[in-house]
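the following block contains a protein sequence and its predicted model.
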Amino acid sequence: MVQDISPSKLKNEYVDCFPKDGDKVFMFNKDGKVLLGEKDGRIVFTDVSDIKEGKCIYLFAIDDDRFFLSFCDGDYNKEGFEYYTVREVRDKFSEISQKEIYAVFTAFHLWRWYADNKYCGRCKGELKPGEKERSLVCPDCNNIIYPRINPAVIVGVTKGDCILLTRYRRGYGHNALVAGFTEIGETLEETVKREVKEETGVEVTNIRYYKSQPWGMAQDMLVGYFCDAVGDGKINMDENELKFAEWVKREDIELQPNNLSLTNEMMRMFKEGNE
C-alpha cells in the first residue's frame, strides 16, 4: 500500500523551523496540482532554491529528507517541471516511486487543510500556524483548528468463495469494494453494516477488522473490514452510487492496476485465498 515504504519511515511530528539547502518544497497551485519533475522515471521535487517569495511551513520528514509547503500564490514555472493532479501522480509513478508518492499524498492532505482554513469559523479572524504543534490558531479568540481526518470504511463482503465487487458511478473506473464515510455518532462497525446495505441491499454479519490506511488524496483514514453476507446475498444496487455490483469468484477477480490502495490489497488477499 502507499504507506508501505519500509525501511524508510515518515516522521510526521511538527517542527517549527526554516528550510535549509537541500530541503524539498511542495508547490501546489490553486487547483491542487503539484509541481514535479521527472528523472529516470522517478519523481523530482522542487527545493528551497525555488522559493522566490512568500513563506513556507515545515510538513514532515522521510528519513533524512525534510519537506516544506510553499504558500506562494499562482503557478511557478521551472524548466523540466510540470503540474500534476494527485491522481495523475498516482497513475504515472506508482510502479517506481512509492516513497515519493506517499510524500505527495501526505503533503496534499496538509495543503488541502491549510488552503481550506485561512479564517476562523468562530470570529472570522485570520488564522496563524501554531508554534508548538500542527495547528492553526486564531489570535483574536484563541480558537484552535487541527488537521482534518475523515474516517471511512472499506468492506470486503464475502459469500463462500465469492466477494462483492463494485464500480463507482463516477470517478475511479476500476474494481472496488463497498466503501463509505462514518457518520456522526456511529461506530465503524455500524458504518460497515449501513454502507453495505445502502449501496447493495446486502445484510452482513461476522464483521472483522483487517487493516487501516491513511489516504491523503481525500483526507481520509481508511479502515478495512471483511464480513459475511447474510442469507443468499441478493443484490439491490444503489444506481446513484454504483454502476456495477456483483458476486465474483476468487479466480475471476480483476485487480486494480497498482498496489497502492487498501482496497486492492484486500481484493488480492481474497483472490489468493488468504481471507
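Yes, it's here.

only C-alpha atoms for contact and neighbour calcs from this point on.
Fine.

next, name the residue at the spatial heart of the protein.
In the chain, the residue lying closest to the centroid (C-alpha atoms, centre = their mean) is residue 215, at 1.8 Å.

so for it, what's the pLDDT?
In this model, residue 215 is scored at 95, pLDDT.

just the pLDDT at the closest residue to residue 175 other than its chain neighbours, thanks.
Once flanking residues are discounted, residue 175 sits nearest to residue 167: 5.3 Å by C-alpha to C-alpha, 6 or more residues apart in numbering. pLDDT recorded at residue 167 is 91.

can you count the residues close to residue 167?
19 (other C-alpha atoms under 10 Å).

contacting residues for the residue nearest to the centre of the chain?
105-106, 221-222 (C-alpha atoms under 8 Å, 6 or more residues apart in numbering).

give the bridge partners for it, please.
Here residue 215 sits in beta bridges with residue 220, as judged by DSSP bridges.

check the gap between the residue nearest to residue 175 and residue 149 for me.
Going from residue 167 to residue 149 by C-alpha to C-alpha, to the nearest Å gives 24 Å.

with residue 175 instead?
25 Å.

and residue 210, by the same measure?
Shown here: residue 210 relative to residue 149, a distance of 20 Å by C-alpha to C-alpha.

what stretches of this structure score poorly on pLDDT?
52-54, 73-74, 171 (pLDDT under 70).

got the domain boundaries for it?
With domains defined by automatic domain parsing, the chain comprises 10-115, 117-148, 150-271.

let's have the ones you listed in CSV, adding distance to residue 2.
Shown next, in CSV, are the domains of the chain (distance: least, C-alpha to C-alpha, whole Å):
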stretch, distance to residue 2
domain 10-115, 6
domain 117-148, 20
domain 150-271, 4
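
out of these, the one nearest residue 1 is which?
For these, proximity to residue 1 was assessed by C-alpha to C-alpha; domain 150-271 is nearest, at 4.0 Å.

how long is the closest one from one end to the other?
One end of domain 150-271 sits 29 Å from the other (C-alpha to C-alpha).

now do stretch 127-146
Start-to-end, stretch 127-146 (C-alpha to C-alpha) is 12 Å.

ok, back up a step: look at residue 175 and residue 149 and report which has more neighbours.
residue 175 (19 against 16).

separation between the more buried one and residue 268?
Counting by C-alpha to C-alpha, the gap from residue 175 to residue 268 is 12 Å.

what's the answer for residue 62, then?
Taking C-alpha to C-alpha, one finds residue 62 at 28 Å from residue 268.

one more: residue 68?
To residue 268, residue 68 is 35 Å away according to C-alpha to C-alpha.

again, but for residue 65
32 Å.

repeat that for residue 250.
For residue 250, the distance to residue 268 equals 9 Å [C-alpha to C-alpha].

what does residue 109 give?
Distance from residue 109 to residue 268, by C-alpha to C-alpha: 27 Å.

over to residue 235?
Distance, residue 235 to residue 268, by C-alpha to C-alpha: 22 Å.

if anything else comes up later, I'll come back, but that's it for now.
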